[in-house]
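Undergrad: Any chance you could fold what I've pasted below:
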Amino acid sequence: MEKADKNIRHKWALAAVYTELTYLDMGEAIDVKAAVEGATSLSYERSPLFVKEIAISALKHLDEAIAAFESRMRGWTWKRLNRVEQAILLNAYCHYFYVEEGIDKAIVISVAVDLAKEYLDATDYRFVNAILDNVLVKKQ
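TA: Numbering: from 1, shown residues only. Here you go, the predicted model:
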């Protein structure tokens with residue numbers, strides 16, 4: 001797959017998870033199919049498997065991911081992070097642990113840092129890099 005195709009899949013996955021987090025914060029029912037279709041502008045059936053897997057695993061493993069991040073954040077909680085930052089971290093967590101078995105941690109972090117540089121404040125990518133480096137550790 002070409003680099004441009006991979007980049008757009010990551011942006012679509014980010015948008016889908018952001019939508020899911022928004023619905024959770026609003027106390028609304030989450031429609032994964034609608035979140036994926038809204039992110040990709042494609043039917044759910046035609047949307048990339050990667051985007052669907054991230055969207056589903058983000059919900060399935062949300063509590064586990066939050067606990068993992070909060071255990072390594074000093075003086076911060078998950079709720080204090082803005083929703084885009086939450087979505088970036090959750091995408092990386094699910095990509096590394098549940099979607100692409102055996103992927104190199106550095107690749108997952110690099111993608112997350114690139115997304116942070118594009119969508120967050122100028123220096124927020126440093127936090128994303130540091131927290132993912134500590135959280136993305138394969139369980140023995």
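Undergrad: Spell out for me which residue occupies the centre of this protein.
TA: Compute the mean C-alpha point of the chain, and by Cα atoms, centre = their mean the closest residue is Asn91, 1.6 Å away.
Undergrad: Could I get the full set of helices for this protein?
TA: When secondary structure is read from DSSP state H, the chain shows helices at 3-26, 32-40, 49-60, 62-70, 83-94, 105-119, 124-135.
Undergrad: so which of those gets nearest Thr77?
TA: helix 62-70 (6.0 Å; Cβ to Cβ). For the C-beta atoms, the positions are set from N, CA and C on the backbone; glycine is no exception.
Undergrad: List the buried residues in that closest one.
TA: Leu62, Ala65, Ile66, Ala68, Phe69 (16 or more other Cβ atoms under 10 Å).
Undergrad: Just name whatever secondary elements that helix is in contact with.
TA: If you count contacts as 3 or more Cβ pairs under 8 Å, 6 or more residues apart in numbering; DSSP states H and E, helix 62-70 packs onto helix 83-94, helix 124-135.
Undergrad: Summarise which helices and strands the last one is packed against.
TA: The one in question is helix 124-135. Checking 3+ Cβ pairs under 8 Å, 6+ apart, helix 124-135 ends up next to helix 62-70, helix 83-94, helix 105-119.
Undergrad: Return the distance of the shortest one from the chain's centre.
TA: For helix 62-70, the distance between its averaged C-alpha position and the chain's averaged C-alpha position is 12 Å (Cα atoms, centre = their mean, to the nearest Å).
Undergrad: quick one: average confidence on it?
TA: In this model, helix 62-70 carries a mean pLDDT of 96.
Undergrad: By mean pLDDT, which helix or strand of this structure comes out lowest?
TA: In the chain, no helix or strand scores lower on mean pLDDT, DSSP states H and E than helix 3-26, which sits at a mean of 91.
Undergrad: what comes up buried for it?
TA: Result for helix 3-26 [16+ other Cβ under 10 Å]: buried residues 9-21, 23.
Undergrad: so that helix versus helix 49-60, what angle?
TA: 30 degrees (axes from the mean of the first three to the mean of the last three Cα atoms, to 10 degrees).
Undergrad: Tell me the helices and strands packed up against helix 3-26.
TA: Counting by 3+ Cβ pairs under 8 Å, 6+ apart, helix 3-26 packs on helix 32-40, helix 49-60, helix 83-94, helix 105-119.
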